[in-house]
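Trainee: structure of the sequence below:
(one chain, ligands or ions: 1)
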Amino acid sequence: MDAIIPISEHLNTREVRYTPAAGIPALKQAIIGYTEEFYNRKVQQENVIAASGAKHAIMLALQAILNPQEEVIFPVPYWVSYPDMARLCGAIPVPASPEDGSFYPGIKDIENRVSSHTKAVIINSPNNPSGVIYSEKFISDIVRFCENKNLYLIMDDIYHRLIFDGKTIINPYDYAKNLDESSKLIIVNGVSKAYAMTGFRIGWAVANTGLIEAMTNIQGHQTSGPSVLLQKAAIGAINGEQLGVEELRTTLEKNRNVMIDLLNSFEGVKVTRPEGTFYCLADFSAYEKDSNKLSNFLIDKVQVLTVPGAEFGMEGYLRLSYCGSLADIKEGIERIKSALLK
Ligand code: PLP
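Mentor: Below you'll find the model as predicted:
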């Protein structure tokens, strides 16, 4: 394992040139260790690519697998970037709304949207924007379903360590029958959320070697790989002291409790209790059905920033973040109340 050294010292090591396009071996080794620790799976260097954030890792995977007009399914609510990422590949985004009106998809919701053009499914749990963790039944069903239908399954696990109420995260590998070179399971993760290192722009994907090779070729022509300094910093985060992750997790859990209590006592607002992340998606349609209009109104009137639910496929909802201080959370909800309750 590489010793962890300050970036300023790293500059003196003369390792300041291009790295291998899929990332330096030491970072790949750290990702291999991470995959072993959190997924109980031993992978090889050839199964790993480091990219400029989980976002770029997902984009590389989509560019490697999608042909124009092919379809990508993901449950609603979905992370805001998935539809445009699919479109950037010339492909067609296919949002799948849970039939029961909840934030928890069932396998039927996905199955109903499959066509002869379907190439991939993207699953994000814990989910941005709802904060819910999908059930073990759903994860096991979707892994088996994608294997049976020969579909790629991208697991966007970027929030998997920020989970509450003593929950455990479901490991998709536990349900995969096929873990050889023809496996179409892609695990995406990164340092942005658990280590609060969003600006460092390091994420990764773990997948079969052929797909990683294709993604590496694409990355080679797009960015030549992530910055060497940031790769070194990511190694420090992954291999270093992990206390900060637990501190962040417990802080977010406390913040979640406060925000949900406040929203539950907010007349007309309905909210599903998040089980992870630092977001919740609340139904404000009793006040305004157009979420863009409501979000703009709240910025203009009381300077509170929310994200319109329409961006996540949920018109009438607002995404609220509880990653700030408790004081800010309380103040924010008070201001929304003062703006909406006459
Ligand atoms: N996936 C989801 C669901 C996210 O919410 C985000 C960031 O907001 C990302 C991926 C991107 O993460 P990164 O900062 O590693 O690119």
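Trainee: can you pull out the residues in contact with whatever helix or strand residue 122 lives in?
Mentor: Using DSSP states H and E, residue 122 sits in strand 118-124. With CB atoms under 8 Å, 6 or more residues apart in numbering as the test, strand 118-124 has contacts from 58, 62, 65-67, 70-75, 78-79, 82, 91, 94, 110, 134, 139, 142, 146, 149, 151-159. No exception for glycine: its C-beta is placed from N, CA and C like everyone else's.
Trainee: run a quick neighbour tally on residue 297.
Mentor: 17 (other CB atoms under 10 Å).
Trainee: give me the three-state assignment for it.
Mentor: helix (DSSP: H, G, I helix; E, B strand; the rest coil).
Trainee: again with residue 23
Mentor: Under three-state DSSP, residue 23 comes out as coil.
Trainee: what's the closest non-adjacent residue to it?
Mentor: residue 50 (3.0 Å; CB to CB, 6 or more residues apart in numbering).
Trainee: the one you found sits in which helix or strand?
Mentor: With DSSP H and E as the criterion, the answer for residue 50 is strand 48-51.
Trainee: hmm, who's touching whichever helix or strand comes after that strand?
Mentor: Under the assignment DSSP H and E, the closest C-terminal helix or strand after strand 48-51 is helix 54-65. By CB under 8 Å, 6+ apart, the residues outside helix 54-65 that reach it are 49, 51, 72, 81-82, 85-86, 88-89, 91, 119-120, 122, 152, 154, 156, 158, 186, 188-190, 192, 201, 203-205, 207, 211, 214-215, 218-219, 222-223.
Trainee: now which of these would you call buried?
Mentor: 49, 51, 72, 82, 85-86, 89, 91, 119-120, 122, 152, 154, 156, 158, 186, 188-190, 192, 201, 203-205, 207, 211, 214-215, 218-219 (16 or more other CB atoms under 10 Å).
Trainee: just those that are near the ligand?
Mentor: Subset of those in contact with the ligand: 156, 158, 190, 192, 203, counting by CB under 6 Å from any ligand atom.
Trainee: which ones are touching the fourth one?
Mentor: By that I understand residue 192. Per CB under 8 Å, 6+ apart, neighbours of residue 192: 53, 54, 158, 198, 200, 201, 202, 203.
Trainee: with residue 278 as the reference, measure out to it.
Mentor: 12 Å (CB to CB, to the nearest Å).
Trainee: returning to that earlier point: write the PyMOL selection for whichever of the contacts of strand 118-124 are buried.
Mentor: PyMOL command restricting the contacts of strand 118-124 to the buried ones, with burial defined by 16+ other CB under 10 Å:
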select buried, resi 58+62+65+66+70+71+72+73+74+75+78+79+82+91+94+110+134+139+142+146+151+152+153+154+155+156+157+158+159
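Trainee: from the contacts of strand 118-124, which land in strands?
Mentor: Judged by DSSP state E, the subset of those located in strands is 71, 72, 73, 74, 75, 94, 152, 153, 154, 155, 156.
Trainee: in JSON lines: the residues you listed, plus pLDDT.
Mentor: Formatted as JSON lines, those follow (pLDDT from 0 to 100):
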{"residue": "71", "pLDDT": "98"}
{"residue": "72", "pLDDT": "98"}
{"residue": "73", "pLDDT": "98"}
{"residue": "74", "pLDDT": "98"}
{"residue": "75", "pLDDT": "98"}
{"residue": "94", "pLDDT": "98"}
{"residue": "152", "pLDDT": "98"}
{"residue": "153", "pLDDT": "98"}
{"residue": "154", "pLDDT": "98"}
{"residue": "155", "pLDDT": "98"}
{"residue": "156", "pLDDT": "98"}
